[in-house]
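Chemist: coords please:
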Amino acid sequence: MTVAEAVGRTIARLGASHIFGVVGSGNFQVTNALIDAGVPFTASRHEMGAACMADAYSRATGDVSILSVHQGCGLTNALTGIVEAAKCHTPLLVLTGDTVAGNVTDNFYVDQDAMVASAGARPARIHSAASAVADAAKAFHVARSERATVVLSMPVDVQDEYVDFDAAAIPPLPVRLPPGAAPQALQRLAHALGTAERPVIVGGRGAWNAAAELRRLAEVSGALLATSAAGRGLFVGDEWALDIMGGFATEGAAELIAGADVLVAFGAGLNKWTTREGELLRNATVIQVDDRETAIGFHHPVDVGVVGDAAVVAAAVAEMVAERYPGRVGYRTAEIGERVQAVRYWKDQPFVSRAEPGRVDPQELVNTLDAMLPMERVVVTDGGNVNCYAGAHLRVPDQRGYCIPLSFQSIGLGLSSAIGAGLAQPGRMPVLGTGDGAFMMTLVELDTAVRLAMGMVVIVFNDDAYGAEVNLFQDRTDTLATVRFPETDIAAIARGYGCEAITVRAIEDVDAVRSWLDGPRNRPLIIDAKIPEHTSWMMARRHGAH
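Modeler: This is a model prediction of the structure:
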C-alpha cells in the first residue's frame, strides 16, 4: 500500500479518536485511510475551525484527536488554533502534507518544521517510506504520552511510495505510570496543610482526574476548594467549594481566596489571570503540585514545588494529614460556610441593570439564560470584552462541561471550539458566549454546525464594536472608527446558514428561546443580543474603570 495509507492505518490502530479537517490534495489519501479504518471524520469550512474543533474535542475526552490539513497554506490557516492547543498541552496530532524535499520553488513551500516549532508545537516528519510507520507511531506516542500538540509533515512524494504494511510491526504505545512525589515533598505538604489556619486547595486542568482525592484532602485539612478557569467544574456539588479563582471569581470568592494562609495548586499554572496579577497570593504560602517540573513556578514564584501526579499526591498527603492532624477545622467554620454559599455564583450577586432602550443588559441576559437552559451543557467562552458573561455566569455540570480557549488570547475560536466540545459530549448542549467581532470572524462554521444538526446555543453579545479596544482607548482618543461598525443583523445572517435565530433587545425577548428548547433542537439557535457599548465588569476591574 502507499505510505499515506500505511500512516493512516497506523494512527487509526493506535487509537485516534476523531479527525477534523479540510481535505486537499496533500492530505486526501491519509484522511481517507483513517476514515476507511473506522475513525470518524468531521469536515470544517476553514482549517482554523478544524484546529479548534480538534483541540476542544481532545480537551473534553483526553483522547488524541487528529487535525488533517493541506501543506503550506492549509497549515498556516490552522496555525492560530494549533498555537492555542500547544499552549494548553492538548494531545493533538496534526497530519499535514509537505512539499517535496528541496523544492523551494513550490507555491506551497514553507519551512513547516521551523514554523511549527516557533508556534510552540512539536515538529515531526515522515522521513522515508521505510521509516513511515515508525515515524507516525512516534508522533502519536508523543502527543498522547506527553500531552503535546505534534505536527507530522508528510512530503507528498514520500506519501505516494509503496510499502509492505504489517500491523503487527506498529510500535505499541508505552505504558505511562503516574509519577509520585519525593517523600520529603509529601511530608512538607502535609505539614503545611495540617497546620494552616485558612488553607485553600486549587484544582486546574492537570487535576481533572483527581477530584475525589482533592475533596478528601480538603476535608481532612479543613481547606476550601476552588479551581482555575481550566479546571472549572471540578468540585461542583461540594458545599465548601468556590466556583472559580481569578478574573472570573466573584468579589466575595476572591476575598476568601486572598485570605488563605496556605494555598496549594494541583495541576494549575497560577498565571496572571488565575492569580489576578498575584494579588490573590500575597498573603499565602504557595505550594504548586504538577507532574511537569517545567510548570513549577513558570507563571508565578512559589514557596514549594512538588513534582507528581495530582491524584497520587493528594491521596498520599490526605492519609498523612488525617493521621497526624486529626479533627482539623481550618477554614471550614460555620461563618465561612455561609459566605461560601453566598458568594460562589455570579447569579446570586446583586447588580444594577445597564439596559438601554433597544439594548439588553448582558448580565441580566446571561443570568436569565443560565436558569432557562438545561444544566447538561458544555459552556464555551470566546475572547474579548464580553468573555466574562458566559465564562463566569453560566454554571457548569462538571469539569468536562467547560471549555475556555483563551490561552493565546485570540478572539474567534469559540464557535469551532463549541462544535468540537459538543461532538465529544453528544448528550450535552454546547452553549457559547461570544462577541459580535469574534463571531463575524468565524461564522462560516455555522455551516458545519447545521450540517451536523447540532442543537447548540450561541449567545452573541452584539455591541457593534471591538469592545475591548473601545474600552482600552476611549479615554485617550475620540478616533475609534476603526473599532466600531454599523449595526449588523446577525440573526438574519444566521438564518441564511440554516440556523434558528432571534434578536434580543429587551429581556422579554428571551422568551422566544423557550420555543426552540421545546422543539427538536436539531439546528443551532443564534441569539443576537443587542447590548450597550460598555465596559464589562471584568475589564472595568482590570483597568480601574467605573
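Chemist: only C-alpha atoms for contact and neighbour calcs from this point on.
Modeler: Fine.
Chemist: low-confidence stretches in the protein?
Modeler: 535, 537-546 (pLDDT under 70).
Chemist: where exactly do the helices run in the stretch 51-200 of the chain?
Modeler: In the stretch 51-200 of the chain, helices defined by DSSP state H, counting those that start in this stretch lie at 73-87, 112-118, 132-145, 156-159, 183-195, listed in chain order.
Chemist: figure out which of those is closest to A491.
Modeler: Of all these, helix 73-87 sits nearest to A491, with 26.2 Å by CA to CA.
Chemist: show me what counts as buried in the closest one.
Modeler: 74-87 (16 or more other CA atoms under 10 Å).
Chemist: also stretch 338-358?
Modeler: Those buried within stretch 338-358 under the rule 16+ other CA under 10 Å are 339-340, 343-347, 355.
Chemist: do the same with stretch 88-107
Modeler: For stretch 88-107, a neighbour-count test (16+ other CA under 10 Å) marks 88-99 as buried.
Chemist: how long is that stretch end to end?
Modeler: 32 Å (CA to CA, to the nearest Å).
Chemist: equivalent analysis for stretch 7-22, please.
Modeler: Stretch 7-22 has an end-to-end distance of 18 Å (CA to CA).
Chemist: go ahead and measure how far it is from the middle of the chain.
Modeler: When distances are taken as CA atoms, centre = their mean, to the nearest Å, stretch 7-22 is centred 22 Å away from the chain's centroid.
Chemist: hmm, who's touching that stretch?
Modeler: Outside stretch 7-22, the residues that touch it by CA atoms under 8 Å, 6 or more residues apart in numbering are 30-34, 37-47, 50-51, 53-54, 63-70, 74, 132-133, 136-137, 140, 167, 170, 172-173.
Chemist: mind putting the helices of the stretch 51-200 of the chain in JSON lines, distance to W516 included?
Modeler: Formatted as JSON lines, those follow (distance: least, CA to CA, whole Å):
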{"stretch": "helix 73-87", "distance to W516": "31"}
{"stretch": "helix 112-118", "distance to W516": "43"}
{"stretch": "helix 132-145", "distance to W516": "39"}
{"stretch": "helix 156-159", "distance to W516": "47"}
{"stretch": "helix 183-195", "distance to W516": "49"}
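Chemist: and of these, who's closest to Y466?
Modeler: Closest approach to Y466 among the helices of the stretch 51-200 of the chain (CA to CA): helix 73-87, 19.2 Å.
Chemist: which strands and helices sit next to that closest one?
Modeler: With contacts taken as 3 or more CA pairs under 8 Å, 6 or more residues apart in numbering; DSSP states H and E, helix 73-87 sits against helix 47-61, strand 149-155.
Chemist: how about residues contacting the last one?
Modeler: Among residues not part of strand 149-155, those counted as contacts by CA under 8 Å, 6+ apart are 82, 85-86, 89-101, 112-113, 116, 121-127, 136, 139-140, 142-143.
Chemist: mind checking the SS state of the closest residue to L480 other than its chain neighbours?
Modeler: Of all residues not flanking L480 in the chain, V470 sits nearest, at 6.8 Å (CA to CA, 6 or more residues apart in numbering). Put simply, V470 is helix when judged by DSSP: H, G, I helix; E, B strand; the rest coil.
Chemist: repeat for G305
Modeler: For G305, the assignment made with three-state DSSP gives strand.
Chemist: which helix or strand contains the closest residue in space to it that isn't next to it in sequence?
Modeler: What sits nearest to G305 in space, not counting adjacent residues and going by CA to CA, 6+ apart, is Q288, at 5.0 Å. Here Q288, judged by DSSP states H and E, is contained in strand 285-290.
Chemist: between that strand and helix 183-195, how many degrees?
Modeler: For strand 285-290 against helix 183-195, the angle by axes from the mean of the first three to the mean of the last three CA atoms, to 10 degrees is 130 degrees.
Chemist: strands paired with strand 285-290, and their directions?
Modeler: Here strand 285-290 is paired, per DSSP bridges, with strand 262-266 (parallel), strand 304-307 (parallel).
Chemist: number of residues surrounding D478?
Modeler: Per other CA atoms under 10 Å, the neighbour tally for D478 reads 9.
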